[in-house]
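A.B. asks: Sharing a model that was predicted from the sequence below.
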Amino acid sequence: MNPSDQQLLKDLARETLERYREINLLYRAAETIGASLDAQEVPRLLLAETERVIPSDRAVVLIGDAAPSDEWASEAPLISSVRATGRPDYNDAALCVPVRAGADVLGVVVLGRSIGGRANGRVFTAGDEKLLLGLASQAGVALERARLHEQETIRLRMEEELAIAHRIQLTLLPAHVPRIDGWDFAATYQAARHVGGDFYDFLDHRLGERRLGLVIADVTGKGVPAALMMAYSRAILRAEAMAGRSPLDVLANANRLIMQERQTRPFLSAFVAELDLDGGRLAYANAGHDAPLLISAGGRECRELEAPGVILGAFGDIGLESRDVALAAGDTVVMYTDGVTEARDPQGMLFGDERLAAAAVAGTLSGPADDVLGSIIDAVAAFTAGAEQADDLTIVVVRRLADSAGG
Amino acid sequence: MLSITIGLERARVPVAVMKLDGELDAATYQDVINRAAELIEQGAGHILLDMGELTYMGSSGLFAIHSVAMMLRGEAPPDPEGGWGAIHEAEPRDSEKVDELKLLNPLPQCERVLDRTGMKRFFETYDDRRAALESF
């Protein structure tokens, strides 16, 4: 072997060793950095691995647009240039490489070394640069994974919260509709994905006096806050009704109580009624809720049960007035929330009052309260044609049966 | 989606006109409250809400309008972190009609919501911009 061959062999051996060292270091770094799902920890690991692998006088990892400390003041142009171009760069005292996820520059690593070590003006070799890029790319992948992991965690937490909201809502709604001779009831509650604050209630504490309380209400807001406000509002309306008050007084007192809340105060619309199960008289008051529909027997007439009043929780003076109406045999009352009239088709059109009235009237023709409910639900489903339900949808149907006409 | 454009008009008093374009719902109502809070912080005492291009308003929208009215009355602005924040520090006034906030050109859907919820009685509504500005 001649001397030049020997030199070649030596060079080859050194290069192989160097490659081995590089691969080994990168492998270890990948194991350390890549194992982390914590976006805060990845930069620290990257810094530690860098310091272990590439000797330097100082090193820093800057994630996002974090500003370097004063000791890096003369590297500021270098850092901005790497952030802008996404390509490694150096000056006569420092090396800077990007931490990237695909085309995005997530941050930079900067290494500094005292000047004077090298003749060619570079204080770090091309090999250092390659190694640092390798480490930085591991960190980029880890950061991206950590970001996705965090997003997934947030998404799961939101799903959990919505499930809680939904559960609160469902446990507070009546398990069954009342079964009372001469009357037919049906009710449905369909939660939107982001769970609103709808609720309805049947108050049967005065059944002995042949009276039944009816409530339908809609609390402003979505998710857990709306569900908690729904629970709070429901309790207030129940307590007031159980104290034997009229629908108007129930609403007026509820408003007074809600207005006293200083921190979190719900806005809610509520329709409260008391039904005389023998006489068929429905006494009611309405605090800013959509007026229920009264459909006479055979669908001959459909009108709104209007009464003045203002949504609860907004103002002290809400101008409520009591109203009452006599329900004859075959008459149907449809109470609903705005999730029905504001259901949207795929083009964004609203279901509206007229479609609701038409579907409700059509439903009364076949008879039972369940059919009225079904007719409205089917009409809304046909209209929305699979578009996402934006708000809770609640319907309560009260029907006086024909064979109770003597009352 | 909701876009909010702010204009300043000088009538008998200076009036900030907030033009709402799009939909005012649970996703956007806080934007209206925040923008109004900024205006009030900068000294606005009268706001006209131009609803001529507001195609939808949910009950969160009512909450926003009410919050803006309360802020104009000098009551504590809502805390954005608290959902329905601390709006109420002062006792309700004798007259609850809101003179500091008025509404311009609500479209039928918004008109229905204002009407059904009874909120209309607290807010003067105009269909003529000049008349609305001069009413402050």
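C.D. replies: It's in.
A.B. asks: Count the neighbours of B:Asp21 for me.
C.D. replies: When counting by other Cβ atoms under 10 Å in any protein chain shown, one arrives at 16 neighbours for B:Asp21. Just so you know, the C-beta spots here come from the backbone N, C-alpha and C atoms, and that holds for glycine as well.
A.B. asks: same question, A:Ala359
C.D. replies: A:Ala359 has 22 nearby residues by other Cβ under 10 Å.
A.B. asks: check which helix or strand covers it.
C.D. replies: Under the criterion DSSP states H and E, the helix or strand holding A:Ala359 is helix A:352-366.
A.B. asks: Is the next helix or strand after that helix in proximity to chain B?
C.D. replies: Next along the chain after helix A:352-366, taking DSSP H and E as the criterion, comes helix A:369-384. No - residues of helix A:369-384 are not located near chain B by Cβ under 8 Å from any Cβ of the partner chain, the shortest gap being 15.3 Å.
A.B. asks: How far away from the center of its chain is helix A:369-384?
C.D. replies: On the basis of Cα atoms, centre = their mean, to the nearest Å, helix A:369-384 sits 27 Å off its chain's mean C-alpha point.
A.B. asks: residues from the stretch 301-407 of chain A in reach of chain B?
C.D. replies: Of all the residues in the stretch 301-407 of chain A, those lying near chain B are A:308-311, A:314-319, A:338, A:342, A:350, A:390-391, going by Cβ under 8 Å from any Cβ.
A.B. asks: Now, those residues that are in helices?
C.D. replies: Residues of those located in helices (DSSP state H): A:Asp338.
A.B. asks: same for the helix or strand bottoming out on mean pLDDT in chain A, what does it pack against?
C.D. replies: Here the helix or strand of chain A ranked lowest by mean pLDDT, DSSP states H and E is helix A:3-34, holding a mean of 82. Contacts defined by 3 or more Cβ pairs under 8 Å, 6 or more residues apart in numbering or on different chains; DSSP states H and E place helix A:3-34 against helix A:41-53, helix A:126-172.
A.B. asks: And the residues of the stretch 301-407 of chain A next to chain B, which of them are buried?
C.D. replies: The neighbour-count criterion (16 or more other Cβ atoms under 10 Å in any protein chain shown) marks A:309-311, A:314-315, A:317-318, A:338, A:342, A:350, A:390-391 among those as buried.
A.B. asks: Just flag the most distant two among those.
C.D. replies: Of all pairs drawn from those, the one with the largest separation by Cβ to Cβ is A:Asp317 and A:Ala390; the distance is 31.9 Å.
A.B. asks: How much space separates B:Glu41 from chain A?
C.D. replies: Taking Cβ to the nearest Cβ, to the nearest Å as the measure, B:Glu41 and chain A are separated by 22 Å.
A.B. asks: Tell me who's in contact with that residue.
C.D. replies: By Cβ atoms under 8 Å, 6 or more residues apart in numbering or on different chains, no residues touch B:Glu41.
A.B. asks: can you confirm A:Val224 is in a strand?
C.D. replies: No - the assignment for A:Val224 is helix, going by DSSP: H, G, I helix; E, B strand; the rest coil, so no strand is present there.
A.B. asks: From what I see, it and A:Glu161 are in contact.
C.D. replies: Yes - in this structure A:Val224 lies within contact range of A:Glu161 using Cβ atoms under 8 Å: 5.2 Å.
A.B. asks: neighbour-wise, which of those two wins?
C.D. replies: Comparing A:Val224 with A:Glu161 by neighbour count (other Cβ under 10 Å), the higher total belongs to A:Val224, at 19 against 15.
A.B. asks: low-confidence ranges in the chain?
C.D. replies: Went with chain A since none was named. By pLDDT under 70, the low-scoring segments of chain A are A:115-121, A:403-407.
A.B. asks: switch to chain B, that's the one I care about
C.D. replies: Scanning chain B for pLDDT under 70 picks out B:76-95.
A.B. asks: Find the closest residue to chain A in it.
C.D. replies: Taking Cβ to the nearest Cβ as the measure, the point where chain B comes nearest chain A is B:Gly118, at 3.3 Å.
A.B. asks: on that earlier part again, and the angle for the least confident helix or strand of chain A with helix A:126-172?
C.D. replies: With axes from the mean of the first three to the mean of the last three Cα atoms, to 10 degrees applied, the angle from helix A:3-34 to helix A:126-172 works out at 20 degrees.
A.B. asks: Which parts of helix A:3-34 count as buried, going by neighbours?
C.D. replies: By neighbour count on 16+ other Cβ under 10 Å, the buried set for helix A:3-34 is A:25-26, A:29-30, A:32-33.
A.B. asks: Same question for stretch A:172-182.
C.D. replies: A:173-174, A:177-178, A:180, A:182.
A.B. asks: Redo those as CSV? Include secondary structure and distance to chain B.
C.D. replies: Listed next are those as CSV, based on DSSP: H, G, I helix; E, B strand; the rest coil; distance: Cβ to the nearest Cβ, whole Å:
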residue, secondary structure, distance to chain B
A:Leu173, coil, 20
A:Pro174, coil, 23
A:Val177, coil, 26
A:Pro178, coil, 27
A:Ile180, coil, 30
A:Gly182, coil, 31
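A.B. asks: That'll do, ta.
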